[in-house]
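[1] Show me how the following folds:
(4 chains)
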Number of protein chains: 2
Amino acid sequence: MKTSDGDRKTGRVTIREVAEDAGVSVAAVSKVLRDAYGVSDTLRAKVRVSMDRLGYRPLAAARGMRGQTYTLGLIIPDLRNPFFADIMVGVNQALERTQYRALMGISENSVRTEMALVESMLDRQMDGIILIGSTEDRANHDKIAALKPLVTIGHHDPQADHFDTVNNNDQQGAMLAVRHLAANGYKNIAMLSLFSGTSTILAERELGYRRAMLEAGIAKNINIIQSSQSLRDVQLAARHLLEGPNRPDAIFCWTDFIALEVISVATEMGLSIPGDVGIVGYDNTMYCDLAQNGLSSIDQSGELLGLQSARLLIERIKGRQEAEHFVVTPRLVSRRSSMRLSR
Amino acid sequence: MKTSDGDRKTGRVTIREVAEDAGVSVAAVSKVLRDAYGVSDTLRAKVRVSMDRLGYRPLAAARGMRGQTYTLGLIIPDLRNPFFADIMVGVNQALERTQYRALMGISENSVRTEMALVESMLDRQMDGIILIGSTEDRANHDKIAALKPLVTIGHHDPQADHFDTVNNNDQQGAMLAVRHLAANGYKNIAMLSLFSGTSTILAERELGYRRAMLEAGIAKNINIIQSSQSLRDVQLAARHLLEGPNRPDAIFCWTDFIALEVISVATEMGLSIPGDVGIVGYDNTMYCDLAQNGLSSIDQSGELLGLQSARLLIERIKGRQEAEHFVVTPRLVSRRSSMRLSR
DNA sequence: CTGAAAGCGCTTACAG
DNA sequence: CTGAAAGCGCTTACAG
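    Next comes the predicted model:
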């Protein structure tokens, strides 16, 4: 009676019905569900048969009340940047054969909503958090990590003890970009960066840019412009750069879609790419191939970063305590936008 | 004693501690939390003060055991398509002043994972589901809707009784594209569509294409090519179309990033856009402005669709039973890719 | 190896 | 208007 009443209300099969069907206790079913030790093969088999027959699916919320929800929270700053799609593919790949699922939230580039989103994911009992392009400081990361396992992607903090980081070597990536431009005869190379006081990946890329400029003997041309992510601001910054008295002959852009915007502005101004201005982006997203003028870019393998971060997070959930800091080596993918005809 | 023990384990303030602090019952706190009727202003004020002082945040999992989780599930087929970013912005906008949060899952264009993702969201006690670009049939949608409120975006089923739909008028959108191309002197207009037996939006767009071709008196040139979403397949399809004996002088592409791919292939083949081939896309995503050759496109206001779907979903969660079917009128945004110099 | 019972943090009738 | 008690569907010691 009770059972059928429960059915009508939720339409869900519960662990109790499975237990009744299999003629075992509720605790036994729970153990099978969690692959916990201490159940005989016979019992396990019986339970599995009942689960299948009844179409049982555990309710994550109920599991979360005492144990895990098998849900990972991914926080992404900006859905417009296609680089994050690559990361997500890698994450889903890592989760394929597991009980875990990844759910994404968008922080829309605001620090305020970033922490708010973390909180709302903690409130929703995520087993762990992957924070992408975080702009928080160590204290905030540690605060999160004290509550749930945390992995950051695109945030450099190699000394962090309580959470894992997954990155490419941004300094090296920026150096690759500048060296490549210099090798193609560009000398007055500017960098278009993002306005952000706290982003460590931008700091690394800016540092790499400076170092490579120095190395190439063109330190006097160092010129870093920062803009926000809004298309309007990027356009203004690009125009400012290209209309100025000392027009750069190349621009290294901190991410691809900004680079595409710059190409667009330059073309509108009647400048030719790569003849008048060489352009290199970062992330090597699918749009690099699509742009008519093939955009050269630094590849940091978003898929690998995503895959690795999901793996590290699950390891942490399963108990690992020591921090791991994974860094992949970026590589340059050169296309037309940086290949000056005259060498 | 008990209380401090609870503290140590979870680090969370519970409803009970708030009740103790405010000197009221647990039930009273719950009522304040839900803005339920039947609490005096005095009691409400006392409880709110305690909540703030203790930094109380309700645990969604626990709420979900009996009531709502205040979490909406968004299912997106493909993160690479920037149109979905617009939708997400609209959804988040609608949720701004509410207790609800939207969490996204990616189905990666597979029917198998689409239903699996729906199930895993139901298992995670989402209060409602927004399904974007669904390829399910009525039966499956009704099945979901029987369990939780459902709104689909980009799926036409105006007769559906048990769930809401949010769309633009895809047939009209396709007609706008063809009419625009015809008005610019293009006659041999092909359509590049997606290979999908079940997508109703593609069916509508294809129908609109046919109707407008008929209307323009160029029905003999009707030519619809379908490809998958993989870049490789799109490239092959585009090449096939452009190398064929009866080369089209314009191509209407079902979505923007496919159109950018076609422009890329055509340019590589030495064809000029819009001189040799005119191109129109769909969705008017940010990349239309970025492409060097400004991509003409049909705007369906993703932000509005997202906003509206979140509103409808919350209405349903609050009890609405009759289906609503929201349709926005698309409009053409013309750029260089379809503006033949010779009129 | 197996199961009965308590409990996670809320909401929901129900009684006062 | 206010609160005591039962219960949501699981997991977790604990006892057998």
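[2] In three-state terms, label the residue nearest to A:Asp137 when sequence neighbours are not counted for me.
    Once flanking residues are discounted, A:Asp137 sits nearest to A:Thr198: 6.7 Å by Cβ to Cβ, 6 or more residues apart in numbering or on different chains. Every C-beta, even on glycine, is put in place using the N, C-alpha and C of the backbone. Recorded secondary structure, A:Thr198: coil (DSSP: H, G, I helix; E, B strand; the rest coil).
[3] Show the backbone phi and psi for A:Thr198.
    phi -120, psi -10 (degrees, to the nearest 10).
[4] so it touches A:Arg138, yeah?
    No. Assessed by Cβ atoms under 8 Å, A:Thr198 is found out of contact with A:Arg138, at 10.7 Å.
[5] mind exporting stretch A:164-183 as CSV, just the C-alpha atoms?
    What follows is stretch A:164-183, C-alpha atoms only, in CSV (Å, rounded to 0.1, in the frame of the first residue of the first chain):
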residue,chain,number,x,y,z
ASP,A,164,45.0,21.2,-8.0
THR,A,165,45.8,23.4,-10.9
VAL,A,166,45.7,22.5,-14.6
ASN,A,167,47.4,24.9,-17.1
ASN,A,168,49.4,25.3,-20.2
ASN,A,169,52.7,27.2,-19.9
ASP,A,170,51.3,30.6,-20.7
GLN,A,171,54.6,32.3,-20.5
GLN,A,172,56.1,29.9,-22.9
GLY,A,173,53.1,30.2,-25.2
ALA,A,174,53.4,34.0,-25.4
MET,A,175,57.1,33.6,-26.1
LEU,A,176,56.3,31.2,-29.0
ALA,A,177,54.0,33.8,-30.4
VAL,A,178,56.5,36.6,-30.3
ARG,A,179,59.4,34.5,-31.6
HIS,A,180,57.3,33.4,-34.5
LEU,A,181,56.3,36.9,-35.4
ALA,A,182,59.9,38.1,-35.0
ALA,A,183,61.1,35.3,-37.2
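[6] tell me which residues of that stretch are tucked away?
    A:164-182 (16 or more other Cβ atoms under 10 Å in any protein chain shown).
[7] Check stretch A:26-39 too.
    Buried residues in stretch A:26-39, counted by 16+ other Cβ under 10 Å: A:28-33, A:39.
[8] can you tell me if that stretch touches chain B.
    No. On the criterion Cβ under 8 Å from any Cβ of the partner chain, stretch A:26-39 is out of touch with chain B, staying 12.4 Å away.
[9] could you dump that stretch to PDB, C-alpha only?
    Extracted C-alpha coordinates of stretch A:26-39, given in PDB (Å, rounded to 0.1, in the frame of the first residue of the first chain):
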ATOM      1  CA  VAL A  26      17.800  -1.700   1.900                       C
ATOM      2  CA  ALA A  27      21.300  -1.600   3.200                       C
ATOM      3  CA  ALA A  28      22.300  -4.400   0.900                       C
ATOM      4  CA  VAL A  29      21.000  -2.500  -2.100                       C
ATOM      5  CA  SER A  30      22.800   0.600  -1.100                       C
ATOM      6  CA  LYS A  31      26.100  -1.400  -0.900                       C
ATOM      7  CA  VAL A  32      25.600  -2.800  -4.400                       C
ATOM      8  CA  LEU A  33      24.900   0.700  -5.600                       C
ATOM      9  CA  ARG A  34      28.100   2.100  -4.200                       C
ATOM     10  CA  ASP A  35      30.200  -1.000  -5.100                       C
ATOM     11  CA  ALA A  36      31.000  -1.200  -1.400                       C
ATOM     12  CA  TYR A  37      32.800  -4.200   0.000                       C
ATOM     13  CA  GLY A  38      31.200  -6.900   1.900                       C
ATOM     14  CA  VAL A  39      28.500  -8.200  -0.400                       C
END
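[10] No more questions from me, cheers.
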